[in-house]
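# Below: sequence and its predicted model.
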Amino acid sequence: MGHKIFISYKYADDDVYPIESDSNETTTVRNYVDELQKKLGDSNEINKGESDGEDLSQLNKDTIWNKLRNRIYDSTITMVLISKNMKEAFKLEKYQWIPREISYSLKETSRIDKNGNPITSKTNAMLAIIIPDYNNSYQYYTYTNDCCESHCRTLLNNTLFSILGNNMFNIKQPDTKDCENNSTIYYGDSSYIPSVKWDDFIDNMDEYIDKAYEIQDNIDNYNIYKEIE
C-alpha cells in the first residue's frame, strides 16, 4: 500500500556519509532523499521539500511556504531527516524551514474543498530518520550506553530543533525505570516522533512506517507540541 510522504530535510548539509563511496561528487542530505525515493518505489507519493530540478531559492519566502504547506497538507506521514548540520546555529528556529514543516505537519488544518465544504487534515504520522555523518557515525545524536546494567540507546535531543525534541519522550503515561547513574530508561512507544538510524530504516522500512501510523492512531496518548518556540 502506498503512502503520501513529505520529507523535511536540510538540502545542502554535506557532513554526511557518501552513499556511493566511489563517487567524486559531494554527497548531501538531498542524495539520501533521492535514495529514499528509489527504495520506497513508485507506489508511494513523495512530496519533497524541493523536487528534482526545482529551484525554490528564486522564489520569495511566502511563495515557498505556500508550496510547502500544500505538499504537507496533501501528505499523511512526515519523515524528518536528522543530519549533523540541520540547524543554523545563529538563526531563530521560527525562521528555519524544518521546524515550520514539522509544526504544520502536527497541526490539524482546515481548508475548503471545490464544493465549498470544510475539510480538516489529521495530524501527520511522524518519523525521524538519522543520517550518518561524514565519518559514518551517528554519535553526534545517538549512541549505545550502559544503563541499568544493560544496553540502551541515548538520544541527544538537546541538539535538535525544540519542536522535534519536545515531541520525543512525550507520552502522557511513560513506562520508565530510573537507574543509579541518574538516567531514565523509557520503554515502549514513548515518542510521538520516534527516531531510527538510516541503516536500520532501510532494512525494515515497512516496519517503521507502520509503527509511525500505529502511534498516530494512538495520538491521544501523547502531549503534542505544535508550536515553534
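On my side now, so go ahead.

# Would you enumerate the residues in contact with Ala128?
Contacts for Ala128 (Cβ atoms under 8 Å, 6 or more residues apart in numbering) come out as 79-82, 164, 168, 193-196. For the C-beta atoms, the positions are set from N, CA and C on the backbone; glycine is no exception.

# The nearest residue to it once chain neighbours are set aside and Glu35, how far apart?
Closest residue to Ala128 apart from its sequence neighbours, by Cβ to Cβ, 6 or more residues apart in numbering: Ser195 at 4.0 Å. Distance, Ser195 to Glu35, by Cβ to Cβ, to the nearest Å: 18 Å.

# Check the spatially most central residue of the chain and give its pLDDT.
In the chain, the residue lying closest to the centroid (Cα atoms, centre = their mean) is Val80, at 1.8 Å. As predicted, Val80 sits at a pLDDT of 97.

# Same check on Leu56?
You'll see Leu56 listed with a pLDDT of 51.

# Tell me if I'm right that Lys10 and Val80 touch.
No - between Lys10 and Val80 there is no contact under Cβ atoms under 8 Å: 10.1 Å.

# which residues do those two both contact?
Common neighbours of Lys10 and Val80 (Cβ under 8 Å, 6+ apart) are Ile98.

# what stretches of this protein score poorly on pLDDT?
1, 21-23, 48-60, 147, 149-150, 180-181 (pLDDT under 70).

# mind listing the strands in it by residue range?
For the chain, applying DSSP state E gives strands covering 4-8, 45-48, 77-82, 110-112, 118-120, 125-130, 142-147, 150-155, 175-178, 184-187, 195-197.

# Against which helices or strands is the last one packed?
The contact analysis (3 or more Cβ pairs under 8 Å, 6 or more residues apart in numbering; DSSP states H and E) places strand 195-197 against strand 125-130.

# what lines up beside the strand it packs on in the sheet?
strand 77-82 (parallel), strand 195-197 (parallel) (DSSP bridges).

# okay, those strands, which one's buried deepest?
Mean neighbour count (mean count of other Cβ atoms under 10 Å) peaks for strand 77-82 among those, with a mean of 24.

# tell me the angle that one makes with strand 4-8.
Computed by axes from the mean of the first three to the mean of the last three Cα atoms, to 10 degrees, the angle separating strand 77-82 from strand 4-8 equals 20 degrees.

# can you give me the offset of strand 77-82 from its chain's centre?
Mean C-alpha position of strand 77-82 versus that of the full chain (Cα atoms, centre = their mean, to the nearest Å) differs by 2 Å.

# Over to stretch 157-173?
On Cα atoms, centre = their mean, the centre of stretch 157-173 falls 12 Å from the chain's centre.

# Just the terminal-to-terminal distance for that stretch.
20 Å (Cα to Cα, to the nearest Å).

# same check, this time on stretch 190-210
16 Å.

# Make sure Tyr208 is actually in contact with Trp198.
No - the pair Tyr208 / Trp198 is not scored as a contact, 11.0 Å apart, by Cβ under 8 Å.
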